[in-house]
Structure formats: C-alpha cells, structure tokens
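**Student:** one predicted model, sequence on top.
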Amino acid sequence: MRAGSEGSRQAGGQTMRMRPGSVTGFLLCGREWTDGETMEVRSPWDGGVLARVAVATRKDAREAVTHAVASLRRTRALPRWKRQEILEAIAGALTEQSERFAQLIVAEAGKPLRAARGEVARAIGVFRLAASEAVRLGGESVPLDLAEGNEGRWGLVQRFPVGPVLGITPFNFPLNLVAHKLAPAIAAGCPMVLKPAPETPLTALALGEVVLKAGWPEEALAVLTLSNADTAWLVEREERIKLVSFTGSAAVGWALKAKSSRKRVTLELGGNAALIVHGDWRDLDEAAERVVAGAFSYSGQSCISVQRVFVERPIYQSFAWKVAALAQKLVVGDPALEMTDVGPLIRLRDAERVEAWLREAEAGGAVVLEGGTREGSLMRPTVLSKTQSGMKVVDEEIFGPVVAIEPYDDFEDALARVNHSRYGLQAGLMTRDAGRILTAYRELEVGAVIVGDVPTWREDAMPYGGVKDSGLGREGVRWAMEEMTEPRLLAMTGL
C-alpha cells in the first residue's frame, strides 16, 4: 500500500464523504485519496454541485494495475465458498443500504426515485446470482486415450481467471452496470480496476467501499476517476491488463478496441431498438403500456430503449394514439419525487441535441403526435409518426424520450426495416404466430429477440449483448465469467 508521503495524494480515511460540495476521493489500495485536481459532480435536475471528486492520474492507474497483478495469486486461490461468502455479504450490505444507494442514483444520475430503487434491487440480484455462479464455476474431464500409444492418459480442464480486468461503465445505470462488471470478476477471481462515468462516480465509489468491507482484497479493487485520455492510455499501453470490459457509446467502444492490442475486449454498446406489433396480438392496451414504459423509462437513456415501433397497418392508427395518450399522462419533473415518471436528461446538451433531432425530423415531414417540447434538461415524452430512413431519429441512437411509430403491410418488410440499422442489440416481437416468431428469430440481426414484450426487457442472468455496432461478447453473470476466465488443460498419464 502506498504511503501518503510517496505520492501527491493524502489518504482521506475509510469512509466516503458524500456531503454536498465536499471532496470525495477515489479508491486505491483500500484508501480514499483526496488531494490534487478535482472534478465537479453536478445534479442533472438543478445543476447544483453534489461533490468534488479527486481525479486519478496516470501514475495512480499504473499503481492500481501493479497492485492488481500482485493480488492475482491471492484472488485466484480464494476458494469458491469464500468468493460466494463475499458476494453474499455485498448483497446483504446493499440490501441494508438500499435507500442510500437509491438516493445517490437519483442525485447524480437524475433517475426517478422509483426507477432508482428498482436499479438497486436489480444490483442486489446480480451479486446474489454471482454468489451462486461462483460455486458452479467448474470444469470437465477429457478422454485422451483416443489413439494407440496413449493408453492411460486423461485430461482435466478447469477455468482460471484471465488476470486484471479494466471495467469501464456508463452513467445510465451507475450501480447495476458496475455490478455487472464487479460481480462476475469476484466470482471468477479476477482483480479489477474500475473506471466509472465522470457524471456518476459517487455510486461506484460507495459500492467499492461495500465490496472491500465484505472481504474482497484491498489490492484487488481500485475505483479510479480517470480522464478519458488516461483511460485510453491504460487500454493501449498497459499490457498487464488482460481484459477490457466496456459499456458505453459505439464510437468510444470501437476506438478503445482499436487501441487494445492483444487484450481481450468485451463491448456492450449502443442500440436502436425496434418492436414489431402484429395484428394478431392479444392485448393492444397492454402492448401500448409496455411501449410507453420501454421508450420513456429514465428518459429513454438506455441502449435498449424502444426507439422504433412497426405496427401492422389495420391496427396502426389506434395503436399509435393509445401510445400517445399514455405518454401524455406521464409525470415529468423532479426525479426525487415518488410521483415522477420522467426526469431530466443527464446533461443540458443532450436535451438540446434531442430537440434538434426532433426539429430536423419535423422539417423532413415527421409529425409529432405527443410531446416534442423541452424545458432545460427536461424533454417531454415524444411520439412521432411519418418518419423515414435518413432522419437521425430513425437511423441513430437518440438516447432520449422519443419513439417513432410506423405502419407496415408485409411482415417480411417489417423484419427488413428492423435490420436496416447499423445497430443490433435487441428487438421485440408481439405476435401469436409460431411461424412468424421462428422467422424473426432466424432473420433478425440482433443479440436477442424478445417475444411478447418490448426489447427493453432484460433479465440480468441472460446472455446480453449485440451484433454489428452494438458490441462484442456477452454480459450476464455466467457469460461474463466465461469472458473473464480461460480454460487450461491438465494432461496426465498413469503414475
């Protein structure tokens, strides 16, 4: 552990300080380091300063990797029951502190309170799932006496941690998406250097404290508030990092992949999620409710937020107006209030961009059925029609509370329109016809086809990821553990 006199930092103690405007340190070697350059963390709701967070340097990053490498022998040797115990303790602590974490998410992410509480519950589930997977991480025996002269030979394959993992997380799920990096890393025995989003570092830092108090080795976790340039340097130059696990925008993710040299890389990137609603679906009122939830939850700031809906023409008009009527009823405002459905976007410039894309679409002939107005960082839930390819609201990931609803006449044409995107994360399908379901499963260029619900649905245990510009590899605890481990063969002969 570095002493205060060895660097430019001073240890600030073990308890993370979250008082408004106070200086919070990053975590390295189990300590909070607070002096040096700081950055402001501001509320998306009112712009107030929540805290000032010490910015980690390239030197800090190099030191974090050194400690991670040194800790690998210890984390690799942790018995499965101990990893399970640590993960269960983390889940227990999050349960006890659930309201604290929900309030942190509301404050720094601007997520409405009910949604923030839901995120905490999901993260607890992720750690519990990892606890169960930690004891199931096994191997297999392999017959090696398949050719003459190899009598008495046999093999054993076990999975071993790849080594230090660099986890890079976004702002939109500041607890649960961090859990999706940390929980499988602990279950697999991998040390982690975690770089949270600059907009939402406080939740990640608080979770880091919980993880260390649960018994995970101090040297095996660093939570560093690095600049983007120093993060890119860490990806490109630090060969001791063995896996980069990134969740964020496609542009940044693929740029990091290009810099990653021989490292393993998993990318969970953007989306332009589409839903097909066929005329045989049993409950169009429920379908409309699911579209509204999937399009406008957390102001559409999710990579699987419903952005495009294709509806069979005979039911198109009534369905579009059902969605518009429900969107009009949503409560938009202060995320700290229980009644709020839709809060602010993370930054003012993001709300301004969404508004600009809407005005551009209107100039091209799109019609606003509901919403379309902005007040500061608040964007009214917006329902569009008469959109077409070439509009940013159709072709790009809008990452805002906007959904476009369009009719189709031919099911095969609807599938082609879903595929007409550089993204391919998830797609939804509402039909009762088994033939159409199987055709969609075969033809849609996505990581998952969600039948009977919107593409925003996700179960944290499932393999989650996409194709095309939506990413590389899969998350979900067991699937992430496979990315974080590698098989090793032990070949034996008679002794």
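**Tutor:** Yep, it's here.
**Student:** can you list the domains in this structure?
**Tutor:** As given by automatic domain parsing, the domain ranges for the chain are 9-269+473-489, 273-460.
**Student:** find the centremost residue of the chain, please.
**Tutor:** L177 (4.1 Å; C-alpha atoms, centre = their mean).
**Student:** give the helix, strand or coil label for that one.
**Tutor:** Secondary structure state of L177, per DSSP: H, G, I helix; E, B strand; the rest coil, is helix.
**Student:** my read: it touches P170, true?
**Tutor:** Yes: assessed by C-beta atoms under 8 Å, L177 is found in contact with P170 at 6.3 Å. C-betas here are computed from N, CA, C, even on glycine.
**Student:** what's the overlap in contacts for those two?
**Tutor:** Common neighbours of L177 and P170 (criterion: C-beta atoms under 8 Å, 6 or more residues apart in numbering): T247.
**Student:** make sure R52 is indeed in a strand.
**Tutor:** Yes: the assignment for R52 is a strand, going by three-state DSSP.
**Student:** how about it, nearest residue that isn't a chain neighbour?
**Tutor:** Leaving aside its sequence neighbours, R52 sits nearest to T38 (C-beta to C-beta, 6 or more residues apart in numbering; 4.2 Å).
**Student:** so what's N419 up against?
**Tutor:** By C-beta under 8 Å, 6+ apart, the contact set of N419 is E443, L444, E445.
**Student:** my guess is the first one contacts L415, does it?
**Tutor:** Yes: counting by C-beta under 8 Å, E443 does reach L415; the two are 5.1 Å apart.
**Student:** higher neighbour count, those two?
**Tutor:** Legend: neighbour count by other C-beta atoms under 10 Å for E443 and L415, higher for L415 (23 against 14).
**Student:** quick check, the more buried one in a strand?
**Tutor:** No: read with three-state DSSP, L415 is helix and lies in no strand.
**Student:** for it, give its distance to G248.
**Tutor:** Distance of L415 to G248, computed by C-beta to C-beta, to the nearest Å: 28 Å.
**Student:** cool, and G208?
**Tutor:** Going from G208 to G248 by C-beta to C-beta gives 19 Å.
**Student:** between these two, who's got more neighbours?
**Tutor:** Neighbour count, other C-beta under 10 Å: between G208 and G248, G208 has more, with 27 against 20.
**Student:** need the residues that contact the helix or strand containing the more buried one.
**Tutor:** For G208, the host element (DSSP states H and E) is helix 201-213. Applying C-beta under 8 Å, 6+ apart, the external contacts of helix 201-213 come out as 14-16, 18, 24, 26-27, 30, 41, 50-51, 53, 86, 89-90, 93-94, 97, 100-101, 104-105, 107-109, 169, 174-175, 178-179, 182, 186, 194, 196, 218, 221, 223, 225.
**Student:** coming back round to it: pLDDT value on the residue nearest to R52, please?
**Tutor:** T38 is assigned a predicted lDDT (pLDDT) of 96.
**Student:** what's the closest of the domains of the chain to V467?
**Tutor:** domain 273-460 (4.2 Å; C-beta to C-beta).
**Student:** check which residues of stretch 339-353 are buried.
**Tutor:** Judged by neighbour count using 16 or more other C-beta atoms under 10 Å, the buried positions of stretch 339-353 are T340, D341, V342, G343, P344, L345, I346, R347, D350, A351, R353.
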